[in-house]
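K.L.:
Sequence and computational prediction follow.
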Amino acid sequence: MRLVEEGKNLLLTQIKDFDIKQTLECGQCFNFIELADKDYAILAQGRDLRIKQEGHDLVFFDTDKKTMEEVWIPYFDLDRDYEAIKKDLLNMDPKLEVSIKALYGMRILRQDFFETLISFILSQNKQIPQIKACVRNISRLRGKEVEHGYLFPTYDEMKDISEEELKECKTGFRAGYVLSALDSYGKGLLDEDQLKAMDSLSCNQVLKQVKGIGDKVANCISLFSLDHRDAFPVDVWIKRIMEEVYFDGQETKNALIEAYGKKTYGQLGGYAQQYIFYYGRDLNKKKN
DNA sequence: TCCCAGGTAGATC
DNA sequence: GATCTACATGGG
């Protein structure tokens, strides 16, 4: 990986194990726009970033070196060795080979905690396009306008939102859950630094005290915004494919699947989960 | 018209 | 404890 300045843009060359489409469209983040093939606007980290991939090169538009090192390299998890992660996972479970090969360029983003907290509360019992629409509605109502849309609001921008406004954003029965999360956040019960310092189990327990956060959402928040890479969210897709591949086609409780994932993949549980999730969904798309 | 979606809380047994 | 169901909204 090498940094090259090109006028106002920054070029990252010789990148490995990275694909912008796989990374953004694997269901971990919702506030981005596809401008063209492998050319996206990402509304995150309080910024509007246009990023384009050309083979092993990444173009970061209108970006300085400091922002790149302090914001985008951590955000895209580019300072982590995915070759080693994939190799370790394959040793733990050879069955992962197909999904890892299919999703060779997926990186788990290090996303903003508040945004991830609210977004994954909204995600329950919704399809990804609908989650995106919901996040977009809230951002339009309360977030800062930028070139390619609206940033997701900060806590201060969102704290006095009403239930009616949330329902206008098509949050449905999740509106009350969002209010509950805002309340806990405002009271300081959800402190990002403290949650990061805990082990993932304790972290999930704290998150689950919020009404509307259960096992699955807590694991997603832990994995996608609190550096708990051993988290293992079990949703309908994971359940389906793991019952088929690891539980002999037998109906299996979510808690048991989660325990199996954590035991099998340990610290790499979150990565394994993402590879399996994407593969399961992708396979389903091809059937239709 | 029915079924499902990156689920969860509350009721009921 | 474990299981059942209602919950908004949109798409197949």
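P.N.:
Perfect, thanks for sending it. Numbering: from 1, shown residues only, chains lettered A, B, ... in the order given.
K.L.:
Next to DNA strand B, which bits of the stretch 51-200 of chain A? Give me the list.
P.N.:
Counting by C-beta under 7 Å from any atom of the strand, the stretch 51-200 of chain A comes close to DNA strand B at A:Ser123, A:Gln124, A:Asn125, A:Lys126, A:Gln127, A:Ile128, A:Gln130, A:Phe173. To be clear about C-beta, it is placed using only N, CA and C from the backbone, and glycine gets the same treatment.
K.L.:
how far away is the last one from A:Ala44?
P.N.:
Pointing back at A:Phe173 there. 27 Å (C-beta to C-beta, to the nearest Å).
K.L.:
More neighbours: these two, which one.
P.N.:
For A:Phe173 and A:Ala44, the more surrounded residue by other C-beta atoms under 10 Å is A:Ala44, and the numbers stand at 19 against 10.
K.L.:
Which pLDDT does the model give that one?
P.N.:
Predicted confidence (pLDDT) at A:Ala44: the value is 98.
K.L.:
How about the contacts made by it?
P.N.:
A:Cys29, A:Asn31, A:Phe32, A:Tyr75, A:Leu109, A:Gln111, A:Asp112, A:Glu115, A:Leu151, A:Phe152 (C-beta atoms under 8 Å, 6 or more residues apart in numbering).
K.L.:
from what I can see A:Ile128 touches A:Gly27, true?
P.N.:
Yes. Using C-beta atoms under 8 Å as the test, A:Ile128 is close enough to A:Gly27 to be in contact (5.5 Å).
K.L.:
so where's chain A shaky on pLDDT?
P.N.:
Low-confidence segments of chain A, defined by pLDDT under 70, span residues A:283-288.
K.L.:
Show me the strands in it, by range?
P.N.:
In chain A, the strands defined using DSSP state E lie at A:2-6, A:9-13, A:32-36, A:39-44, A:47-54, A:57-60, A:145-146, A:149-150.
K.L.:
Domains in chain A, by residue range?
P.N.:
A:2-80, A:113-225 (automatic domain parsing).
K.L.:
Show me which residues of the stretch 51-200 of chain A sit near DNA strand C.
P.N.:
Within the stretch 51-200 of chain A, the residues that sit near DNA strand C (C-beta under 7 Å from any atom of the strand) are A:Asn125, A:Lys126, A:Gln127, A:Pro129, A:Gln130, A:Lys167, A:Lys170, A:Gly172, A:Phe173.
K.L.:
Might one say that A:Ala272 is in contact with A:Leu90?
P.N.:
No. Counting by C-beta under 8 Å, A:Ala272 stays clear of A:Leu90, with 10.3 Å between them.
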